[in-house]
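Student: give the three-dimensional model of this entry:
(one chain, ligands or ions: 1)
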Amino acid sequence: MATSTGASSDDEMSTDGQPSAGTEGAERPAMDLGDFKTLEQFIIERQKGVPHSTGAFSRLLRDISVAAKIVNRDMRTAGLIDVHGSTGEVNVQGEVRQKMDALAHREFVLALRRGGECCLIGSEEHAEAIPLATTEGEEGDYIVLLDPLDGSSNIDVNVSVGTIFSVYRLPERWEGKPTVKAALQPGTRQVAAGYVVYGSSTMLVYTTGTGEVNGFTLDPSIGEFLLSHPDISTPDEGKIYSINQAYYESWGDGLKDYVRWMQQPDEEGKHPFKTRYIGSFVSDFHRNLLKGGIYIYPATRNSPSGKLRLMYEANPMAMLVEQAGGAATDGHTRILEKSPEKLHQRTPLFIGSKEMVETAGTFVQGERELEAA
Ligand code: P6P
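Tutor: Numbering: from 1, shown residues only. Sure thing, here's the model as predicted:
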């Protein structure tokens, strides 16, 4: 089994003539594809466990993964194919639309339209819900809500970004063409949720609500997502908090107390916590999911209802984090139980390790105050 680091033998000779001196333990581990399960194999395996499954949902997940691979390809050469920067337009959110936003949106719409399993898309990049007209009588059964590329303003400076998706079924006995009303279901009705993080490696992480969250890492040499993080569970406690401190003055007193509580050294040496805030929700969420932590985007003066969108950011990530053992609220209410009124509505968001979200809630709801230091 090859263990070479890939360097030529000359490179490995050191000055004292000993081969590879000083590089002990740095050998590149070989990867035997036989050790890994592809996303396709995994989906088909899980489909077998679903009685009366038609395969439509499996095909929908495959369509999403194909679009993710295309976005990944464009992302990895963004600096070379002139997709940096903005399109000069402003999206429905009033935010400057990055070229990659538009590209990612297009790739997911094309893949879902081609696949035929999706009848309606709600996207951050499009003001109205997008019905995917298929031939009469062969309407897709699924609705996909999408943030095609969250944090895209980071692309030009090579910071990782992500795609977030949420899947619902078209409501039973829906009459006529699907409209946005068909999409406005509480998060508890999601049949699947996931994200793709385009980071040091590209990972697709998803759940179908069966108590499992599974992560797949893209091997670009074969174009396959491989099961690398089976059955992810997030630590109940963590020491990382992710929040933009620049808005401190516009926080409520309870949140100010909570953050100061995390910052104040204590006798047990548990505090201060660490702050990590990338400015890319998917990246902050992914790190906190694996290591434990809390991401907070509260109501602020500029974003009185919070900045994150309920339908295609907060709800899917709330489903994922709960399935991994964590929690997600708006500071008061469980995210998944919020009743949506608009496709692009925003919500304050406290999401991550269960005990951290609960502790934050006690401060924000005024049940707890910061003891005098
Ligand atoms: P701020 C990106 O625009 C985003 O929606 C999230 O990915 C990120 O966490 C947040 O906004 C950053 O917002 O106001 O801190 O710059």
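Student: give me the beta-bridge partners of the closest residue to residue 192 other than its chain neighbours?
Tutor: Counting by C-beta to C-beta, 6 or more residues apart in numbering, residue 192 lies nearest to residue 167, which is 4.1 Å off, once chain neighbours are set aside. No exception for glycine: its C-beta is placed from N, CA and C like everyone else's. In this structure, residue 167 bridges to residue 144, residue 192 when assessed by DSSP bridges.
Student: so what's residue 167 scoring on pLDDT?
Tutor: pLDDT recorded at residue 167 is 97.
Student: could you verify my assumption that it touches residue 140?
Tutor: No - here residue 167 does not reach residue 140: they are 11.1 Å apart, not a contact under C-beta atoms under 8 Å.
Student: joint contacts of those two?
Tutor: residue 60 (C-beta atoms under 8 Å, 6 or more residues apart in numbering).
Student: gap between residue 296 and residue 337?
Tutor: 19 Å (C-beta to C-beta, to the nearest Å).
Student: name the nearest residue to residue 370, sequence neighbours excluded.
Tutor: That would be residue 257: by C-beta to C-beta, 6+ apart, it lies 4.0 Å from residue 370.
Student: same deal with residue 63?
Tutor: residue 115 (3.5 Å).
Student: for residue 339, same thing?
Tutor: Residue 339 sits nearest to residue 186 (C-beta to C-beta, 6+ apart), 5.9 Å away.
Student: picking that back up, contacts only, for the residue nearest to residue 63.
Tutor: 59, 60, 62, 63, 140 are the contacts of residue 115 under C-beta under 8 Å, 6+ apart.
Student: look at it and report its pLDDT.
Tutor: Value for residue 115, per-residue pLDDT: 93.
Student: residue 88 now?
Tutor: 66.
Student: how many neighbours does residue 75 have?
Tutor: Neighbour count for residue 75, taken as other C-beta atoms under 10 Å: 20.
Student: mean confidence score for the helix or strand harbouring it?
Tutor: Assigned by DSSP states H and E, residue 75 belongs to helix 56-76. Averaging pLDDT along helix 56-76 gives 93.
Student: so residue 146 sits in a strand?
Tutor: Yes - under DSSP: H, G, I helix; E, B strand; the rest coil, residue 146 falls within a strand.
Student: surely it meets residue 163?
Tutor: Yes - using C-beta under 8 Å, residue 146 makes contact with residue 163 at a distance of 7.2 Å.
Student: these two: who's more crowded?
Tutor: residue 146 (29 against 26).
Student: hang on, the earlier thing: looking at residue 296 and residue 337, which one has more neighbours?
Tutor: residue 296 (25 against 11).
Student: ok, that one - contacts?
Tutor: Contacts of residue 296 by C-beta under 8 Å, 6+ apart are 241, 242, 243, 255, 349, 350, 351, 360.
Student: what about the residue lying closest to residue 160 once chain neighbours are set aside, how many residues close to it?
Tutor: Using C-beta to C-beta, 6+ apart and skipping the chain neighbours, the partner closest in space to residue 160 is residue 199 (3.6 Å). When counting by other C-beta under 10 Å, one arrives at 17 neighbours for residue 199.
Student: quick check, residue 199 in contact with residue 283.
Tutor: Yes - using C-beta under 8 Å, residue 199 makes contact with residue 283 at a distance of 6.3 Å.
Student: give the residues shared as contacts by those two.
Tutor: What both residue 199 and residue 283 touch, as defined by C-beta under 8 Å, 6+ apart, is the set residue 160.
Student: what about stretch 206-214, average pLDDT?
Tutor: 96.
Student: could I get that stretch in CSV with only the CA atoms?
Tutor: What follows is stretch 206-214, C-alpha atoms only, in CSV (Å, rounded to 0.1, in the frame of the first residue of the first chain):
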residue,chain,number,x,y,z
TYR,A,206,-27.7,15.7,5.7
THR,A,207,-30.5,14.1,7.8
THR,A,208,-33.9,12.6,7.0
GLY,A,209,-35.1,12.9,10.6
THR,A,210,-34.5,9.3,11.6
GLY,A,211,-32.1,10.3,14.4
GLU,A,212,-29.0,10.3,12.3
VAL,A,213,-26.9,13.0,10.7
ASN,A,214,-24.3,11.7,8.2
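Student: much appreciated, bye for now.
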